[in-house]
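A.B. asks: The amino acid sequence is not available; the structure is as follows:
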């Protein structure tokens, strides 16, 4: 199994370029997200969330005797595995990052794990790669994620559809690891609850015309169209075509389709839109919104809190291990993320560093209520959202 951390961690972690301290007292952390591609409208806020955690740690002056943390960004593209791998290799070899926050989309995350981070002994934590296949990837204990698997989100979305009275739906999913994994989980759950899926079919991103795909979905029928794709790419195109042709007027989706750009692009033509995305397990007293707002970070965007948590966990795990290496981060990740220990909320990273420096234990709660299972990912909670008067509102937490 992936993580019974970490006596067998490969010695590459000791030798990797990212394990060496950069010039002076600087520790570099890579941020690799799709700054271009099908979720490019989401990633600036995600990066800002991660960089907020890094700034908070640096400004405390308590990180490994005053070391400064700096972020180095790279573009995963979300969809181009070769480009994402090259970007990760540049972060490790040329920039000398000690760890990586990212990637974002599941396919490029898989490529980075297999071709860059594991071979070179570098920890990476994804805030948003949700493919069920990542739960069992061979990672030498180096990969973690702060977003839960779509194996669970598929069940939650199926529950939302059933609770809203939909018994027959069609499904369109982006033709990659994320889309297929999510669709398989949703279809199995929905049919297991007594629902009927008339057609579950892939769509390719980057096309200008989705009329053929929508025609097949319309012919199969259904009370709603479930779109499991990307908000700035094929998912948008499928919904646009379905609206234009009158094939469907009610749409549901998952985390990859959540974003204000969808509402802005479709305007008043989008009348009924709802779905799910990973949320926060922290209660109403969560300080994260105030912490983010004070720093000018849009906390309401998808995976922004998860990005803050991913960066914070990397640094706190290093601090717990007393070293700025991926080996220290991997070996201490579960210890800082989980009980026992002093609960650490968003905005309390200085407090966490003080406790660790004194030899104490912490239980990182953070922005989203992180609690890792034995494969290094949260089981998670999910927000149910819907379109209300032109804006996306959370109407339930599951």
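C.D. replies: On my side now, so go ahead. Model, not experiment: these values are computed from the prediction.
A.B. asks: how much space between the residue positioned nearest the centre of the chain and residue 279?
C.D. replies: A centroid search over the chain (CA atoms, centre = their mean) returns residue 128, at 1.0 Å, as the residue closest to the centre. Per CB to CB, to the nearest Å, residue 128 is found 13 Å from residue 279. The C-beta positions use only the backbone N, C-alpha and C, and glycine is treated the same way.
A.B. asks: Kindly report the same for residue 354.
C.D. replies: According to CB to CB, residue 354 and residue 279 sit 30 Å apart.
A.B. asks: what's the answer for residue 27, then?
C.D. replies: Taken as CB to CB, the span from residue 27 to residue 279 is 31 Å.
A.B. asks: What are the boundaries of the helices in the stretch 101-250 of the chain?
C.D. replies: Along the stretch 101-250 of the chain, the segments classed as helices by DSSP state H, counting those that start in this stretch run 106-112, 150-163, 177-192, 211-220, 234-245.
A.B. asks: continuing past the helix or strand residue 274 falls within, what's the next helix or strand?
C.D. replies: Residue 274 belongs to strand 272-278 when elements are defined using DSSP states H and E. Sequence order places helix 288-294 as the next helix or strand after strand 272-278, per DSSP H and E.
A.B. asks: Flag every buried residue along that following helix.
C.D. replies: For helix 288-294, a neighbour-count test (16 or more other CB atoms under 10 Å) marks 288, 291, 292 as buried.
A.B. asks: Could I get those residues in CSV, plus columns for pLDDT and distance to residue 234?
C.D. replies: Output for those, formatted as CSV (pLDDT from 0 to 100; distance: CB to CB, whole Å):
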residue, pLDDT, distance to residue 234
288, 98, 32
291, 98, 35
292, 98, 30
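A.B. asks: Which one of residue 27 and residue 279 is surrounded by more residues?
C.D. replies: Comparing residue 27 with residue 279 by neighbour count (other CB atoms under 10 Å), the higher total belongs to residue 27, at 26 against 23.
A.B. asks: Could you double-check that residue 148 sits in contact with residue 377?
C.D. replies: Yes - with contact defined as CB atoms under 8 Å, residue 148 counts as touching residue 377 (6.4 Å).
A.B. asks: per-residue pLDDT, residue 25?
C.D. replies: At residue 25, the pLDDT value in this model is 87.
A.B. asks: Next, count neighbours for it.
C.D. replies: 14.
A.B. asks: ok, it touching residue 69?
C.D. replies: No - Residue 25 lies out of contact with residue 69 (CB under 8 Å); the separation is 9.9 Å.
A.B. asks: Can you get me the start-to-end distance on stretch 122-129?
C.D. replies: 17 Å (CA to CA, to the nearest Å).
A.B. asks: State the mean pLDDT of it.
C.D. replies: Stretch 122-129 comes out at a mean pLDDT of 98.
A.B. asks: what do you get for stretch 46-60?
C.D. replies: Stretch 46-60 comes out at a mean pLDDT of 98.
A.B. asks: So which residues lie in contact with it, not counting its own?
C.D. replies: 29, 31, 33, 35, 63, 68-71, 73, 101, 104, 127-128, 291-292, 295-299, 301, 303-312, 315, 347, 349-350, 353, 367 (CB atoms under 8 Å, 6 or more residues apart in numbering).
A.B. asks: and what of stretch 190-208?
C.D. replies: 38, 79, 158-159, 161-162, 166-175, 179-180, 183, 187, 210, 213, 216-217, 220-222, 229-230, 233-235, 237-238.
A.B. asks: hmm, try it at 7 Å
C.D. replies: If you take CB atoms under 7 Å, 6 or more residues apart in numbering as the criterion, stretch 190-208 is touched by 38, 79, 158, 161-162, 167-175, 179, 183, 187, 210, 213, 216-217, 220-222, 229-230, 233-234, 237-238.
A.B. asks: May I see the buried residues of it?
C.D. replies: Buried-residue list, stretch 190-208, by 16+ other CB under 10 Å: 190, 195, 197, 198, 199, 200, 201, 202, 203, 205.
A.B. asks: who wins for proximity to residue 319 among the helices of the stretch 101-250 of the chain?
C.D. replies: helix 106-112 (24.6 Å; CB to CB).
A.B. asks: For the closest one, name the packing helices and strands.
C.D. replies: Here helix 106-112 is seen to pack against helix 81-89, helix 177-192 when contacts are counted using 3 or more CB pairs under 7 Å, 6 or more residues apart in numbering; DSSP states H and E.
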